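Trainee: curious how this folds, go ahead:
(one chain, ligands or ions: 2)
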Amino acid sequence: MAEAYKDLDPATMPRSTGLTYQDLLDQDSHAVPEVLRSESPKDMGTNEFSVTRYTTAAYHDKEVEHLWKKVWQMACREEEIPLPGDHMRYDIAGMSFIVVRTETGDIKAFPNACLHRGRMLKEHDGNAAELRCAFHGFCWKLDGSFSDIPADWDFPQVDQDNFDLPALPVAIWEGFIFINPDQNCGPFEDFIKDLAKQFERWELGSLYKAAHVAKVMPCNWKIAQEAFCEAYHVSGTHPQILRSLGDVNSQVDIWENCARVITPGGTSSPLLDYAVSNDDILRTNMDLDHDADAPEVPEGMHMRTFLAERARTNLRPAAGDLVDKYCDAEMIDSLDYTLFPNFHPWGAFNGIVYRFRPNGNDHRSAIMECIMLAPFSGERPAPAETHWLEAHESWSTALGYLGKVFDQDAFNMPRVQEGLESTYQTGVVLSGYQESKVRWLHHKLTEWIGE
Ligand code: FES
Ligand SMILES: [Fe+2]
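Mentor: Numbering: from 1, shown residues only. Ligands and ions are numbered 1, 2, ... in the order given. Model (predicted):
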């Protein structure tokens with residue numbers, strides 16, 4: 001682990017007032033798994049990170065060379081290409097790749113470029129019997145092996161025995177397909193090991209892609225990403241949810257390539273200076289007006305237990321008895337994990353997976369995506385297609401209540417970009433604990449890219 005990280009003692013480190021997350025777990029009605037009981041807070045110092053990381057094309061160019069061309073990155077879900085010939089395009093920072101299911105059911109990835117004069121091989125996702133270029137017809141089999149050059153007598157220099165598409169490293173983890181543009185990269189298993197260990201219990205591969213919403217956001221990709229990496233902003237940006245969210249009770253844990261922020265639901269923020277009734281917590285959690293019908297909470301039942309039981313009832317038809325295995329925290333808390341640099345799966349049934357990327361080579365715009373995974377019974381349902389929001393369309397049009405919260409986050413994003421373009425500060429200031437996932441992301445960038 002990098003020099004910059006030192007273990008902190010959870011018992012003595014500076015903490016917010018109110019219960020700790022571990023205190024809340026003590027009230028759980030079910031057995032709490034070890035994965036939630038573990039803590040890994042880190043002291044990563046107090047240094048600032050240069051504003052130019054967000055505002056300059058030069059830093060974006062460094063990210064392309066030292067990060068996007070080198071790192072393992074999630075390209076798509078395996079369920080999106082179930083049949084031989086199914087293929088998806090994955091684009092990152094001006095580069096395009098294709099991910100293909102072969103005749104034998106394997107998954108291959110190639111640069112999305114013909115070996116003749118370079119035309120993109122596939123501009124759309126779809127199914128094809130072969131990878132034939134639309135320009136002059138050079139053709140490869142689904143596994144990338146060479147198959148045909150029209151009028152091959154005219155290409156005496158091409159050695160057809162050595163004219164396969166360059167295969168890129170591919171790995172599958174819990175239904176997600178990862179690729180690495182670097183053919184000499186390190187093993188995926190080493191890269192993902194911290195995250196894989198955390199997720200053993202939750203088996204995201206057994207879930208299906210129930211929704212996928214994407215939008216181009218007017219800010220650097222890290223501004224969009226960092227808006228979802230701490231709960232410290234909740235009181236400023238989402239004050240309406242404080243009655244049912246323990247924002248400052250959040251627990252932040254840092255490992256090598258992964259980190260998490262766990263934020264408890266069904267408990268009111270310690271920042272509120274009045275007693276919040278169970279009814280208020282319930283209505284906030286369910287997004288109900290104060291005069292709408294709300295369910296009865298049995299006398300003496302803890303709100304977290306009540307909300308977890310509701311979630312169990314809702315999910316039981318699809319998830320079966322698994323809902324009884326999961327504790328209250330797994331049913332209702334935000335278990336928000338990050339695998340460096342940009343992949344954010346939530347644990348248990350929360351179902352959310354975020355991904356943030358630069359939008360082509362524009363360092364002032366980003367692609368933000370929210371994928372919803374869900375349990376199912378019986379045959380695996382078809383995965384949702386990506387629903388691209390136009391610039392004027394809000395997240396709430398696609399994602400309801402959750403989208404309303406995203407819209408508040410999205411409102412900040414271009415204003416953070418504009419502020420950083422105007423500031424007289426040289427660096428961004430980060431808190432020691434609550435924003436430590438953001439700090440970790442920047443330390444990782446320093447490791448990969450340099451200052
Ligand atoms: S560029 Fe692909 S066949 Fe010519
Ligand atoms: Fe937010």
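Trainee: L335 reaches R260, doesn't it?
Mentor: Yes. L335 is within contact range of R260, at 6.7 Å (criterion: C-beta atoms under 8 Å). Just so you know, the C-beta spots here come from the backbone N, C-alpha and C atoms, and that holds for glycine as well.
Trainee: shared neighbours, those two?
Mentor: Counting by C-beta atoms under 8 Å, 6 or more residues apart in numbering, the common neighbours of L335 and R260 are G347.
Trainee: all strands of the stretch 1-150 of the chain, in order?
Mentor: 6-7, 42-43, 49-50, 73-77, 86-92, 95-101, 107-111, 126-127, 131-132, 139-140, 146-148 (DSSP state E, counting those that start in this stretch).
Trainee: need the ones you listed in CSV with mean neighbour count, mean pLDDT and distance to ligand 1, can you?
Mentor: Below are the strands of the stretch 1-150 of the chain laid out as CSV (neighbours: other C-beta atoms under 10 Å; pLDDT from 0 to 100; distance: least, C-beta to the nearest ligand atom, whole Å):
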stretch, mean neighbour count, mean pLDDT, distance to ligand 1
strand 6-7, 12, 93, 54
strand 42-43, 20, 96, 50
strand 49-50, 18, 97, 41
strand 73-77, 23, 98, 23
strand 86-92, 20, 98, 16
strand 95-101, 22, 98, 14
strand 107-111, 22, 98, 13
strand 126-127, 12, 98, 18
strand 131-132, 22, 98, 8
strand 139-140, 18, 98, 8
strand 146-148, 16, 98, 10
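Trainee: quick one: the ones you listed as CSV, columns for distance to C370 too.
Mentor: What follows is the strands of the stretch 1-150 of the chain, written out as CSV (distance: least, C-beta to C-beta, whole Å):
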stretch, distance to C370
strand 6-7, 33
strand 42-43, 28
strand 49-50, 26
strand 73-77, 13
strand 86-92, 17
strand 95-101, 21
strand 107-111, 24
strand 126-127, 24
strand 131-132, 31
strand 139-140, 34
strand 146-148, 39
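Trainee: wait, which of those strands is closest to E379?
Mentor: For the strands of the stretch 1-150 of the chain, the distance to E379 is smallest for strand 73-77, at 16.5 Å, taking C-beta to C-beta.
Trainee: for the closest one, which strands pair with it and how are they oriented?
Mentor: Here strand 73-77 has these sheet partners by DSSP bridges: strand 176-179 (antiparallel).
Trainee: next SSE after the partner strand?
Mentor: Sequence order places helix 188-199 as the next helix or strand after strand 176-179, per DSSP states H and E.
Trainee: buried stuff in that next one?
Mentor: Neighbour counts using 16 or more other C-beta atoms under 10 Å place 188, 191-192, 194-195, 198-199 of helix 188-199 among the buried residues.
Trainee: which residues does that helix contact?
Mentor: Outside helix 188-199, the residues touching it (C-beta under 8 Å, 6+ apart) are 35, 72, 169, 171, 173-174, 178, 180, 255-258, 260, 337, 339, 345, 347.
Trainee: filter the residues you listed down to the ones in helices?
Mentor: V35 (DSSP state H).
Trainee: in ChimeraX, select just the buried ones from the contacts of helix 188-199.
Mentor: A single ChimeraX command selects the buried members of the contacts of helix 188-199 (16+ other C-beta under 10 Å):
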select :35,72,169,171,173,174,178,180,255,256,257,258,260,337,339,345,347
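Trainee: what parts of the protein come near ligand 1?
Mentor: Residues of the chain found near ligand 1 (C-beta under 6 Å from any ligand atom) are 114, 116-119, 133, 135-138.
Trainee: can you do 8 Å?
Mentor: Within the chain, the residues that sit near ligand 1 (C-beta under 8 Å from any ligand atom) are 114-119, 121, 133-138.
Trainee: and the residues you listed, which are buried?
Mentor: Listed as buried from those are 114-116, 121, 133, 138; burial here means 16+ other C-beta under 10 Å.
Trainee: which two among those are spaced furthest apart?
Mentor: Comparing every pair within these by C-beta to C-beta identifies H116 and L121 as the most remote, at 10.4 Å.
Trainee: so what sits against both of the two?
Mentor: Common neighbours of H116 and L121 (C-beta under 8 Å, 6+ apart) are C133.
Trainee: can I get the residues of the chain next to ligand 1 in JSON lines including distance to I281 and pLDDT?
Mentor: Shown next, in JSON lines, are the residues of the chain next to ligand 1 (distance: C-beta to C-beta, whole Å; pLDDT from 0 to 100):
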{"residue": "C114", "distance to I281": "58", "pLDDT": "98"}
{"residue": "L115", "distance to I281": "61", "pLDDT": "98"}
{"residue": "H116", "distance to I281": "63", "pLDDT": "98"}
{"residue": "R117", "distance to I281": "63", "pLDDT": "98"}
{"residue": "G118", "distance to I281": "58", "pLDDT": "98"}
{"residue": "R119", "distance to I281": "58", "pLDDT": "98"}
{"residue": "L121", "distance to I281": "54", "pLDDT": "98"}
{"residue": "C133", "distance to I281": "59", "pLDDT": "98"}
{"residue": "A134", "distance to I281": "58", "pLDDT": "98"}
{"residue": "F135", "distance to I281": "61", "pLDDT": "98"}
{"residue": "H136", "distance to I281": "65", "pLDDT": "98"}
{"residue": "G137", "distance to I281": "64", "pLDDT": "98"}
{"residue": "F138", "distance to I281": "63", "pLDDT": "98"}
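Trainee: and which of those residues is nearest E385?
Mentor: L121 (21.4 Å).
Trainee: contacting residues around that closest one?
Mentor: 98, 110, 112-114, 131, 133.
Trainee: now, which of these sits nearest D291?
Mentor: Out of the contacts of L121, the member with the shortest distance to D291 (by C-beta to C-beta) is I98, at 54.0 Å.
Trainee: give me the pLDDT for the residue nearest to that closest one when sequence neighbours are not counted.
Mentor: Spatial nearest neighbour of I98, chain neighbours left out: N112 (4.7 Å); criterion: C-beta to C-beta, 6 or more residues apart in numbering. With respect to pLDDT, N112 scores 98.
Trainee: for N112, grab the count of nearby residues.
Mentor: By other C-beta atoms under 10 Å, 21 other residues sit near N112.
Trainee: ditto for D280
Mentor: 17.
Trainee: what sits against the closest residue to it other than its chain neighbours?
Mentor: Closest residue to D280 apart from its sequence neighbours, by C-beta to C-beta, 6+ apart: R243 at 5.0 Å. The neighbours of R243, taking C-beta under 8 Å, 6+ apart as the test, are 268-269, 272, 276, 280-281, 284.
Trainee: contacts for stretch 12-29?
Mentor: So stretch 12-29 is in contact with 10, 32, 36-37, 39, 41, 43, 246, 248-251, 262, 264, 267, 270, 302, 304-305, 308, 327-329, 432-434, going by C-beta under 8 Å, 6+ apart.
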